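Engineer: Give me the fold of what follows.
(2 chains)
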Amino acid sequence: EAGVTQFPSHSVIEKGQTVTLRCDPISGHDNLYWYRRVMGKEIKFLLHFVKESKQDESGMPNNRFLAERTGGTYSTLKVQPAELEDSGVYFCASSRLGAYNEQFFGPGTRLTVL
Amino acid sequence: ELKVEQNPLFLSMQEGKNYTIYCNYSTTSDRLYWYRQDPGKSLESLFVLLSNGAVKQEGRLMASLDTKARLSTLHITAAVHDLSATYFCAVDPDSGTYKYIFGTGTRLKVLA
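Structural biologist: Coordinates of the predicted model:
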């Protein structure tokens, strides 16, 4: 079974540009999560999809961040326009519905905003 | 604010030694997860602890959960170099929101 995949693995952009991160969850996992780790800090929750619906987006920092999950499969996280403080590692995770919420993580996308 | 505190943040130990990583949390929860991360890699699930008194062991690692004390421990027995990694605990609060609250991570370095 393929794990959670994320693309790109690294992205370096300038302040004010737009970046789109992609996550492909494990097949059959209806729950999909985005997390972020800013350097030196803990990993923080951004949002949670159940299938194509946003279940909880309480961790999204501001309206420059837009997450979508079309058709309940892969998800994208767009940052527009990017700011310096958006730099960090963005993790995606997925889990099955009703399975004590064991989340399986992707390798992350390291975003650097210059 | 829900908090998960892990200590130590950094741990350098000799091969063959034992040590314990602690994970304290400030909310009610009976679900706690331990992950391992190697540099540039995914967070790998190590243990899923689902009830008070749960104890799980895999190789040289043993994890336990005390929900009354809001404490989980990850015990390392006779460390080997291959255990060098960053270890995270994560709590799934009883609020039913499904989001994890992570500890800061413990960077473990096992010296040969």
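Engineer: Spell out which parts of chain B neighbour chain A.
Structural biologist: Within chain B, the residues that sit near chain A (Cβ under 8 Å from any Cβ of the partner chain) are B:4, B:31, B:33, B:35, B:40-45, B:48, B:50, B:88, B:90, B:92, B:97-105. To be clear about C-beta, it is placed using only N, CA and C from the backbone, and glycine gets the same treatment.
Engineer: again, only this time at 10 Å
Structural biologist: With Cβ under 10 Å from any Cβ of the partner chain as the criterion, chain B meets chain A at residues B:3-6, B:31, B:33, B:35, B:37-38, B:40-45, B:47-48, B:50, B:88, B:90, B:92, B:95-105.
Engineer: Tell me how many other residues crowd A:Asp56.
Structural biologist: Neighbourhood size, A:Asp56 [other Cβ atoms under 10 Å in any protein chain shown]: 17.
Engineer: beta partners for it?
Structural biologist: A:Asp56 has the following beta-bridge partners by DSSP bridges: A:His48.
Engineer: Check B:Lys56 too.
Structural biologist: Counting by DSSP bridges, B:Lys56 is bridged to B:Ala63.
Engineer: which stretch of helix or strand covers the residue most central in space within chain A?
Structural biologist: Residue closest to the average C-alpha location in chain A (Cα atoms, centre = their mean): A:Trp34, at 3.3 Å. Using DSSP states H and E, A:Trp34 falls within strand A:31-37.
Engineer: Output that strand in PDB with nothing but the alpha carbons.
Structural biologist: C-alpha atoms of strand A:31-37 as PDB (Å, rounded to 0.1, in the frame of the first residue of the first chain):
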ATOM      1  CA  ASN A  31      -9.700  11.900   6.600                       C
ATOM      2  CA  LEU A  32      -7.000  14.200   5.400                       C
ATOM      3  CA  TYR A  33      -5.100  16.700   7.500                       C
ATOM      4  CA  TRP A  34      -2.600  19.500   7.000                       C
ATOM      5  CA  TYR A  35      -0.100  20.400   9.600                       C
ATOM      6  CA  ARG A  36       2.800  22.900   9.700                       C
ATOM      7  CA  ARG A  37       6.100  23.000  11.500                       C
END
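Engineer: Tell me which other helices or strands that strand touches.
Structural biologist: Using 3 or more Cβ pairs under 10 Å, 6 or more residues apart in numbering or on different chains; DSSP states H and E, the elements in contact with strand A:31-37 are strand A:19-24, strand A:43-50, strand A:53-56, strand A:65-68, strand A:75-79, strand A:88-95, strand A:104-105, strand A:109-113.
Engineer: Redo those strands as JSON lines? Include distance to B:Leu74 and mean pLDDT.
Structural biologist: JSON lines is the format used below for the helices and strands packed on strand A:31-37 (distance: least, Cβ to Cβ, whole Å; pLDDT from 0 to 100):
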{"stretch": "strand A:19-24", "distance to B:Leu74": "28", "mean pLDDT": "98"}
{"stretch": "strand A:43-50", "distance to B:Leu74": "17", "mean pLDDT": "95"}
{"stretch": "strand A:53-56", "distance to B:Leu74": "28", "mean pLDDT": "92"}
{"stretch": "strand A:65-68", "distance to B:Leu74": "32", "mean pLDDT": "97"}
{"stretch": "strand A:75-79", "distance to B:Leu74": "30", "mean pLDDT": "98"}
{"stretch": "strand A:88-95", "distance to B:Leu74": "20", "mean pLDDT": "96"}
{"stretch": "strand A:104-105", "distance to B:Leu74": "18", "mean pLDDT": "96"}
{"stretch": "strand A:109-113", "distance to B:Leu74": "26", "mean pLDDT": "97"}
